[in-house]
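*Asks:* just coords:
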């Protein structure tokens with residue numbers, strides 16, 4: 001590993017072969033902002049493959065943004081190439097139709113001959129392996145504020161070609177206000193957790209609040225694509241099984257969470273193709289998968305990806321964990337959402353989704369009004385439970401009429 005200045009990094013990236021080299025980049029809260037400045041400064045054209053990235057590419061029309069999960073940095077890019085696929089399958093891209101030419105990762109500083117991918121492991125180990133096999137370039141943004149986490153994200157420094165040292169705070173997701181409605185939904189979700197359950201808590205306020213309502217449980221385990229502060233708080237409350245490591249692929253939360261993660265032997269950072277493997281998920285008894293949605297229809301299909309016909313995020317790990325949890329002994333796959341979208345003043349429970357489906361066949365749908373337990377119910381019974389137990393009262397008359405038109409009426 002050779003440490004370079006910023007200007008030297010710019011020249012090294014500019015020297016990448018090809019008119020549009022593909023560069024896999026750390027995403028989510030580990031987006032390496034300084035190195036991405038160097039990237040966009042050095043090249044007029046390239047392909048950036050990144051998950052839920054935060055760097056704003058809208059002013060760089062030569063950058064083709066490839067992603068299976070659209071983040072705010074790519075959402076308004078003039079060249080967005082959305083890849084509709086389960087997150088568990090993304091590493092296969094590197095051996096098939098989208099081989100990378102370079103990898104740009106955000107890591108800790110070296111320790112005992114290694115650096116750590118810190119809060120974002122995800123698809124990166126697979127990308128690094130493939131780039132090295134192809135003779136490509138592996139670049140690292142070494143950050144003194146990146147925690148050293150243990151597991152699949154520990155990378156020998158000999159696997160990194162060039163590095164740039166920085167000292168900058170990590171990104172944290174915007175914290176949404178926890179109102180009474182969200183608290184009610186979180187409490188309803190938490191009722192599905194038993195002592196000894198294994199948790200997957202998706203992104204957002206409601207999964208975090210649900211974790212807060214599980215503090216009195218004991219022997220909980222965590223096998224989750226991502227974790228946030230709620231898992232750290234469960235650890236502090238003594239709710240987690242002390243003999244089982246917390247397993248995840250990336251972190252998104254507060255600076256306190258990142259400090260907790262640093263050199264924490266209880267935390268094991270694993271690869272996406274391990275954590276998101278539906279068969280591995282199903283092997284955990286009493287798997288409780290908690291995810292959000294933008295809309296749910298009367299056929300119990302969830303849309304968590306599109307807004308107004310345009311891609312907003314992506315499939316992510318939701319279909320992986322829904323499938324895995326449903327096959328777990330005693331498992332549940334929950335979708336939790338507010339029944340009404342105040343900003344647009346519309347129901348989030350609709351007759352039939354007009355946008356592509358993200359996931360389906362959930363155990364239950366939860367809102368502030370109640371819970372529709374769906375497993376083993378007929379189509380008509382499912383629709384009746386969703387209307388009567390989940391939908392906002394303002395939307396129920398119209399939904400009843402729609403159910404009759406769709407052949408779902410009683």
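*Replies:* Yep, that arrived. Since the model is a prediction, treat every value here as computed from it, not as a measurement. Numbering: from 1, shown residues only.
*Asks:* from the chain's centroid, how far away is the lowest-mean-pLDDT helix or strand in the chain?
*Replies:* Least confident helix or strand of the chain, by mean pLDDT, DSSP states H and E, is helix 205-212 with a mean of 92. Using CA atoms, centre = their mean, to the nearest Å, the mean C-alpha position of helix 205-212 is found 15 Å from that of the whole chain.
*Asks:* list the pairing partners of the very next helix or strand once past it within its sheet, with orientation.
*Replies:* Sequence-wise, the next helix or strand downstream of helix 205-212 (DSSP states H and E) is strand 221-227. Paired strands of strand 221-227, with direction, are strand 198-201 (parallel), strand 246-251 (parallel) (DSSP bridges).
*Asks:* quick check: mean pLDDT of the last one?
*Replies:* Across strand 246-251, the average pLDDT comes to 98.
*Asks:* which residues are in contact with it?
*Replies:* Residues outside strand 246-251 that contact it (CB atoms under 8 Å, 6 or more residues apart in numbering): 28-30, 119-122, 149, 222-228, 231, 235, 240, 257-258, 261, 266-272, 274-276. Heads up, the C-betas are built off the backbone N, CA and C, glycines and all.
*Asks:* what of the first one?
*Replies:* Contacts of strand 198-201 from elsewhere in the structure, counted by CB under 8 Å, 6+ apart, are 193, 207-208, 210-211, 214, 220-228, 230-231, 281, 284-290, 321, 325, 328.
*Asks:* count the neighbours of residue 355 for me.
*Replies:* Residue 355 sits with 18 neighbouring residues when counted by other CB atoms under 10 Å.
*Asks:* so of the strands paired with strand 221-227, which one's packed in deepest?
*Replies:* Stretch with highest mean neighbour count among those: strand 198-201 (a mean of 28; mean count of other CB atoms under 10 Å).
*Asks:* how is the protein divided into domains?
*Replies:* The chain breaks down into these domains under automatic domain parsing: 2-166, 180-405.
*Asks:* now the ones you listed in JSON lines, with distance to residue 173?
*Replies:* Listed next are the domains of the chain as JSON lines, based on distance: least, CB to CB, whole Å:
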{"stretch": "domain 2-166", "distance to residue 173": "7"}
{"stretch": "domain 180-405", "distance to residue 173": "5"}
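*Asks:* got any ranges where the stretch 151-300 of the chain has weak pLDDT?
*Replies:* Within the stretch 151-300 of the chain, no range satisfies pLDDT under 70.
*Asks:* rewinding a little: elements contacting the least confident helix or strand of the chain?
*Replies:* helix 180-190, strand 198-201, helix 229-236, strand 287-292, strand 332-336 (3 or more CB pairs under 8 Å, 6 or more residues apart in numbering; DSSP states H and E).
*Asks:* of the ones you listed, which is nearest residue 392?
*Replies:* helix 180-190 (10.8 Å; CB to CB).
*Asks:* tell me how far residue 205 lies from residue 36.
*Replies:* 28 Å (CB to CB, to the nearest Å).
*Asks:* cool, and residue 348?
*Replies:* Distance, residue 348 to residue 36, by CB to CB: 34 Å.
*Asks:* out of these two, which sits in the busier spot?
*Replies:* Neighbour count, other CB under 10 Å: between residue 348 and residue 36, residue 36 has more, with 26 against 20.
*Asks:* contacts only, for the more buried one.
*Replies:* Residue 36 sits next to 25, 55, 104 when contact means CB under 8 Å, 6+ apart.
*Asks:* if we use 10 Å, what do you get?
*Replies:* By CB atoms under 10 Å, 6 or more residues apart in numbering, the contact list for residue 36 reads 23, 25-26, 48, 50, 53-57, 60, 63, 73, 104, 106, 141.
*Asks:* mind checking the SS state of it?
*Replies:* Here residue 36 is helix, with the state taken from DSSP: H, G, I helix; E, B strand; the rest coil.
*Asks:* look up how far residue 27 lies from it.
*Replies:* Distance of residue 36 to residue 27, computed by CB to CB: 11 Å.
*Asks:* same check on residue 218?
*Replies:* 35 Å.
*Asks:* the two: who's more crowded?
*Replies:* Neighbour totals were compared for residue 218 and residue 27, and residue 27 leads with 27 against 13 (other CB under 10 Å).
*Asks:* for that one, which non-adjacent residue is closest in space?
*Replies:* Ranked by CB to CB, 6 or more residues apart in numbering and with sequence neighbours excluded, the top spatial neighbour of residue 27 is residue 51, at 3.8 Å.
*Asks:* all good on my end, thank you.
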